[in-house]
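S.K.: Test case, fold it:
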Amino acid sequence: MAERLVHLIDDEESFRRSASFLLKKSGFEVRLWGSGDEFLKELRTLKQGCILLDLSMPGADGMEVLSTLIERGITLPVIMLSGHGDIPMAVRAMKTGAVDFLQKPFERGALLAALQAGFDRLSSACAADLQREDAQRLLAALTERELEILRRLANGAPNKMIAYDLGISSRTVEVHRAHAMAKLNARSFPDALRVAFAAGLHRMPEQA
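M.R.: Residues are numbered from 1 along each chain as shown. Presented below is the predicted three-dimensional model:
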């Protein structure tokens, strides 16, 4: 299953072989990468999963790979691996975005716990993506005026200010708000706000 895929990136063949055996025995699908450079070349076609990333490798090392993932907006959970237990580097990796930092040789339990944390984070991110997509689909049914009024309401603007800014009456603002709520199947205004926030409507620019 794609959600149980582990990308193992390490230049040491014997480690890849032993770690791959352990992971497959624990029920994971494993994709092996012999270097950070090899992995980075395939970013555009990368399948979703957790990443086990060796810190010290020839070419692009673990921190370079991690930084590249962050720069490109790829939010797959990363567990950094090191044979040296470098504490400052562990702190740096975690600050940069790694889920965990494991020192080789690590215990099976520690690895599985780190992977569980990674897949939990991945599930949360997927749930947020689905929520955002559902909200955006609902908002697509609104007119431009309804969307703009909902956006301003989500940013805390009162009806009177919205009416003044848009050159309409407060009553018209209320009518548009009611229509928007009906289209969003919102039983209350907070329900409508939750949809707006999930879709990121409050961060969108004002309409002319």
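
S.K.: For the rest of this, base every contact and every neighbour count on C-alpha atoms.
M.R.: Fine.

S.K.: what's near enough to touch residue 50?
M.R.: By C-alpha atoms under 8 Å, 6 or more residues apart in numbering, the residues touching residue 50 are 4, 5, 6, 7, 76, 77, 78, 79, 115, 118, 119, 122.

S.K.: For the third one, pull up the helix or strand it's in.
M.R.: Counting by DSSP states H and E, the element that carries residue 6 is strand 5-9.

S.K.: what's the span of stretch 48-63, first residue to last?
M.R.: Using C-alpha to C-alpha, to the nearest Å, the span of stretch 48-63 from its first residue to its last is 20 Å.

S.K.: swap that for stretch 183-201, sorry
M.R.: Length of stretch 183-201, first residue to last, C-alpha to C-alpha: 16 Å.

S.K.: Which residues outside that stretch are in contact with it?
M.R.: By C-alpha under 8 Å, 6+ apart, the residues outside stretch 183-201 that reach it are 131-133, 135-136, 138-139, 141-142, 150-151, 154, 181, 202.

S.K.: next structured bit after the helix or strand where residue 51 lies?
M.R.: With secondary structure defined by DSSP H and E, residue 51 is part of strand 50-54. Downstream of strand 50-54, the next assigned helix or strand under DSSP H and E is helix 62-71.

S.K.: Break the chain down into its domains, please.
M.R.: The chain resolves into domains spanning 2-130, 141-203 when parsed by automatic domain parsing.

S.K.: buried residues in the helix or strand bottoming out on mean pLDDT in the chain?
M.R.: In the chain, no helix or strand scores lower on mean pLDDT, DSSP states H and E than helix 87-96, which sits at a mean of 77. Of the residues in helix 87-96, those buried by neighbour count under the rule 16 or more other C-alpha atoms under 10 Å are 89, 90, 93, 94.

S.K.: could you say what helices and strands the helix or strand containing residue 122 packs with?
M.R.: Secondary structure assigned from DSSP H and E places residue 122 in helix 108-139. Applying 3 or more C-alpha pairs under 8 Å, 6 or more residues apart in numbering; DSSP states H and E, one finds that helix 108-139 makes contact with strand 50-54, strand 78-82, strand 100-103, helix 189-199.

S.K.: Can you convert these into a markdown table and add a column each for mean pLDDT and distance to residue 67?
M.R.: Output for the helices and strands packed on helix 108-139, formatted as a markdown table (pLDDT from 0 to 100; distance: least, C-alpha to C-alpha, whole Å):
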| stretch | mean pLDDT | distance to residue 67 |
| --- | --- | --- |
| strand 50-54 | 95 | 12 |
| strand 78-82 | 91 | 11 |
| strand 100-103 | 86 | 15 |
| helix 189-199 | 84 | 27 |
